[in-house]
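Visitor: Need a 3D model of the following:
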Amino acid sequence: MEMASATDLRARRNVAQLAALAGVEREIRSQDSSSSRKYLQDFTRAFRTYSAVLSFEQVKERIAASDVILIGDYHALPASQRYAASLVEQCAQPGDRPVVLALETIFARDQHIVDEWWRREIDEREFRERIRFDLDWGYDWVPFFEMLSTAREFAEGLYGLDCMPREDLRKIGARDRHAAHKIAEIRQKHPNAVILVLFGESHLAPQHLPRALKEELPESKALTVLQNVDALYWRAAGEKHERVEAVQVHDDVVCVFNSSPLEKYENYRLHLSRWGRTDEEGPDLAPTIYNLIDSLLRFFDINRYSPHNHTQPRFLVDLMPEIYSRSSAGRLRALLMRKGIDEDEVKAFLQRVEDRGSVYLPQVNAFYVREFQMMYAAEESARFLHHACRGLPLREKPSRQPEPGDRFYVRTLEHALGYFGSRVLYPSRPAVEEAELHLLPNARPVRGKEFEASTELLGYMLGNALYDAYLRGRLKPGTLRRVLLSHLETPGKAKELYWELAKRVKKSK
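Guide: Residues are numbered from 1 along each chain as shown. Model prediction:
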């Protein structure tokens with residue numbers, strides 16, 4: 001496939017993310033100034049470039065050849081803990097060495113509590129309370145507990161590594177030495193096991209925990225597995241690969257990519273929001289959603305303050321959606337019922353939230369966000385923008401529906417633009433393969449769930465092709481801005497636009 005230069009690819013893949021990231025970082029810096037500390041800067045300076053692109057299979061080979069695996073954890077990002085859980089299961093296949101999981105999250109002093117839970121003598125609730133997870137750690141419990149449960153099923157042991165004080169960076173070197181000593185003790189208890197260690201990423205700079213571990217276990221072969229390091233992520237965006245899975249940093253260091261920097265820092269901002277609130281409602285998700293929308297507006301060069309509705313939407317700033325979260329689900333349901341939306345449709349909305357974590361509801365111009373998942377939040381933000389640029393037609397006249405043929409193309413375009421927007425903000429989203437076209441029904445009317453599945457798949461296919469054309473420089477954001485502004489309620493307009501875009505991307509190939 002003909003592709004642009006590395007510089008062009010890097011710029012096109014990163015432009016929307018970098019714009020979104022700037023706002024998040026400003027807010028984080030205003031609440032957390034610790035990033036300037038030398039200990040954290042050591043990590044940033046240590047990993048700026050890489051020597052080769054790796055596949056996940058090549059990473060697995062390096063892991064299989066190692067005795068101790070130091071896994072970098074970005075505490076606020078659930079994908080970090082879920083990747084660690086996947087490694088536990090991966091390393092514990094029949095015939096392989098036994099596996100042990102060791103964690104920064106749990107103090108070594110609480111090992112007796114861990115052992116009680118491991119032996120199923122106490123339940124999840126008591127375990128969580130006694131290790132003071134919410135008071136002393138404060139990040140998401142669910143992905144952490146999923147990881148522990150995976151370890152209890154597949155591993156030979158589970159150990160806490162950390163010690164106090166966590167808040168004092170002047171003592172952080174002592175914590176590294178303490179953890180290395182504990183890992184050495186684990187090696188004595190499990191001489192034949194591969195030891196997986198999940199520790200905060202800043203501890204994995206070469207002169208921090210890896211050096212302390214080398215002093216304790218000079219004969220052990222250690223591998224550092226970083227996750228989603230910013231500088232490496234931005235550099236890898238210039239590769240011609242559709243998706244870079246991992247890179248070789250040094251002989252004993254690899255970095256895997258399972259999230260973007262924007263997703264990392266949005267999750268951290270949500271934690272800062274939750275920690276700063278005294279109520280039980282959880283984090284304020286509105287700034288996160290509004291930031292994604294603002295980034296798409298900048299990408300498409302849309303002026304939210306425009307007073308006319310020609311090449312720009314009229315006063316889009318006044319059309320921004322309401323944001324509902326888990327704590328306000330009852331109010332949202334009441335609003336939907338007042339709008340005349342039937343119970344089946346409400347259930348469909350809630351199921352979509354269950355599957356994806358968030359959904360945009362054009363009938364009431366509102367987001368419902370149960371859990372922040374970057375990929376789907378970006379897609380729903382693009383769907384909102386599509387409706388807003390057309391003046392929120394379903395909110396203004398919810399009973400007015402296009403003819404069945406037009407409705408098919410309207411929904412397909414909505415999914416295409418949503419998918420394209422999600423790739424702009426989250427380039428690592430897996431591409432939709434043309435082979436999946438066989439899943440579409442064979443030239444017959446479709447209704448209900450089948451209608452939604454068909455329009456979604458066809459829309460994702462088109463959105464994928466549009467994104468490829470954009471990366472090649474064959475499609476400008478202004479072209480899609482025109483689609484966003486088109487009045488799809490005009491009979492035949494959606495079908496015309498669909499085929500115009502389909503021909504355009506076919507020609508670009």
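
Visitor: Count the residues that sit near the residue lying closest to residue 9 once chain neighbours are set aside.
Guide: Excluding the flanking residues, the one nearest residue 9 by C-beta to C-beta, 6 or more residues apart in numbering is residue 238, at 5.3 Å. For every residue, glycine as well, the C-beta is placed using N, CA and C. By the measure other C-beta atoms under 10 Å, the count of residues near residue 238 is 17.

Visitor: Specify the local secondary structure of residue 238.
Guide: On the three-state scheme (DSSP: H, G, I helix; E, B strand; the rest coil), residue 238 is labelled coil.

Visitor: any idea how far residue 472 is from it?
Guide: Per C-beta to C-beta, to the nearest Å, residue 238 is found 14 Å from residue 472.

Visitor: Next, the residue nearest to residue 9: phi, psi?
Guide: Dihedral pair for residue 238: phi -90, psi 0, per degrees, to the nearest 10.

Visitor: before we move on, what about the one 4 residues further on?
Guide: The phi/psi pair for residue 242 (degrees, to the nearest 10) reads phi -60, psi -40.

Visitor: Please list all residues in contact with it.
Guide: residue 431 (C-beta atoms under 8 Å, 6 or more residues apart in numbering).

Visitor: now it: how far from residue 13?
Guide: Counting by C-beta to C-beta - residue 242 and residue 13 are separated by 11 Å.

Visitor: Was I right to think residue 194 contacts residue 91?
Guide: Yes: counting by C-beta atoms under 8 Å, residue 194 does reach residue 91; the two are 5.4 Å apart.

Visitor: what touches both of those two?
Guide: Counting by C-beta under 8 Å, 6+ apart, the residues touching both residue 194 and residue 91 are 63, 69, 97, 99.

Visitor: is it true that the third one lies in a strand?
Guide: Pointing back at residue 97 there. No: using three-state DSSP, the assignment for residue 97 is coil, not a strand.

Visitor: wait, isn't it in contact with residue 195?
Guide: No: counting by C-beta under 8 Å, residue 97 does not reach residue 195; the two are 9.9 Å apart.

Visitor: More neighbours: these two, which one.
Guide: For residue 97 versus residue 195, neighbours defined as other C-beta under 10 Å are more numerous around residue 195 (27 against 16).

Visitor: Doesn't that one lie inside a helix?
Guide: No: read with three-state DSSP, residue 195 is strand and lies in no helix.

Visitor: Where do the helices of the stretch 351-500 of the chain begin and end?
Guide: 374-389, 393-396, 404-425, 448-471, 477-485, 493-508 (DSSP state H, counting those that start in this stretch).

Visitor: in the fifth one, what counts as buried?
Guide: I take that to be helix 477-485. Buried residues in helix 477-485, counted by 16 or more other C-beta atoms under 10 Å: 477, 479-481, 483-485.

Visitor: How much space separates residue 474 from residue 137?
Guide: 48 Å.

Visitor: now do residue 123
Guide: Relative to residue 137, and taking C-beta to C-beta, residue 123 is found at 19 Å.

Visitor: So residue 43 sits against residue 206, correct?
Guide: No: taking contacts as C-beta under 8 Å, residue 43 lies outside contact range of residue 206: 9.4 Å.

Visitor: Compare the two (neighbour count), which wins?
Guide: When neighbours are counted by other C-beta under 10 Å, residue 43 comes out ahead of the other of residue 43 and residue 206, with 20 against 16.

Visitor: TSV for the buried residues of helix 477-485, including distance to residue 303 and pLDDT?
Guide: Output for those, formatted as TSV (distance: C-beta to C-beta, whole Å; pLDDT from 0 to 100):
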residue	distance to residue 303	pLDDT
477	14	92
479	17	91
480	16	92
481	11	92
483	17	92
484	13	92
485	12	90
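
Visitor: And these, which is closest to residue 308?
Guide: Residue 308 has its nearest neighbour among those in residue 485, at 11.2 Å by C-beta to C-beta.

Visitor: That closest one and residue 388 touch, don't they?
Guide: No: judged on C-beta under 8 Å, residue 485 makes no contact with residue 388 at a distance of 10.3 Å.

Visitor: shared neighbours, these two?
Guide: residue 313.

Visitor: show me the contacts for residue 92.
Guide: 98-99, 154-155.

Visitor: run the last query once more with 6 Å
Guide: 99, 154 (C-beta atoms under 6 Å, 6 or more residues apart in numbering).

Visitor: what about it, distance to residue 72?
Guide: Counting by C-beta to C-beta, the gap from residue 92 to residue 72 is 21 Å.

Visitor: and what of residue 214?
Guide: With C-beta to C-beta as the criterion, residue 214 and residue 72 are 17 Å apart.

Visitor: Over to residue 173?
Guide: From residue 173 to residue 72 the distance is 18 Å (C-beta to C-beta).

Visitor: which one of those two has more residues nearby?
Guide: Neighbours were counted for residue 173 and for residue 72 using other C-beta under 10 Å; residue 72 has more, 26 against 16.

Visitor: Please confirm that the more buried one is located within a helix.
Guide: No: with three-state DSSP as the criterion, residue 72 is located in strand rather than a helix.

Visitor: Now residue 240: phi and psi?
Guide: Torsion angles, degrees, to the nearest 10, at residue 240: phi -80, psi -10.

Visitor: What is the burial count for it?
Guide: 14.

Visitor: per-residue pLDDT, it?
Guide: Looking at residue 240, its pLDDT reads 84.

Visitor: before we move on, back to that, which one's more surrounded, residue 123 and residue 137?
Guide: Using other C-beta under 10 Å as the criterion, residue 123 and residue 137 rank with residue 137 on top: 19 against 9.

Visitor: what's the helix or strand for the closest residue to the more buried one other than its chain neighbours?
Guide: Distances taken as C-beta to C-beta, 6+ apart put residue 105 closest to residue 137, at 5.7 Å, once the chain neighbours are dropped. Element membership for residue 105 (DSSP states H and E) is strand 99-107.

Visitor: residues touching the spatially most central residue of the chain, list them.
Guide: In the chain, the centroid-proximal residue (C-alpha atoms, centre = their mean) is residue 374; its distance is 4.1 Å. For residue 374, the contact set (C-beta under 6 Å, 6+ apart) comprises 263, 426.

Visitor: one more time with 7 Å
Guide: Residue 374 is in contact with 259-260, 262-263, 266, 426, counting by C-beta atoms under 7 Å, 6 or more residues apart in numbering.

Visitor: what about the nearest residue to residue 322 once chain neighbours are set aside, distance to residue 287?
Guide: Leaving out its chain neighbours, the residue that sits closest to residue 322 by C-beta to C-beta, 6+ apart is residue 366, at 4.3 Å. Noted for residue 366: a distance of 16 Å to residue 287, by C-beta to C-beta.

Visitor: try residue 336
Guide: Relative to residue 287, and taking C-beta to C-beta, residue 336 is found at 24 Å.
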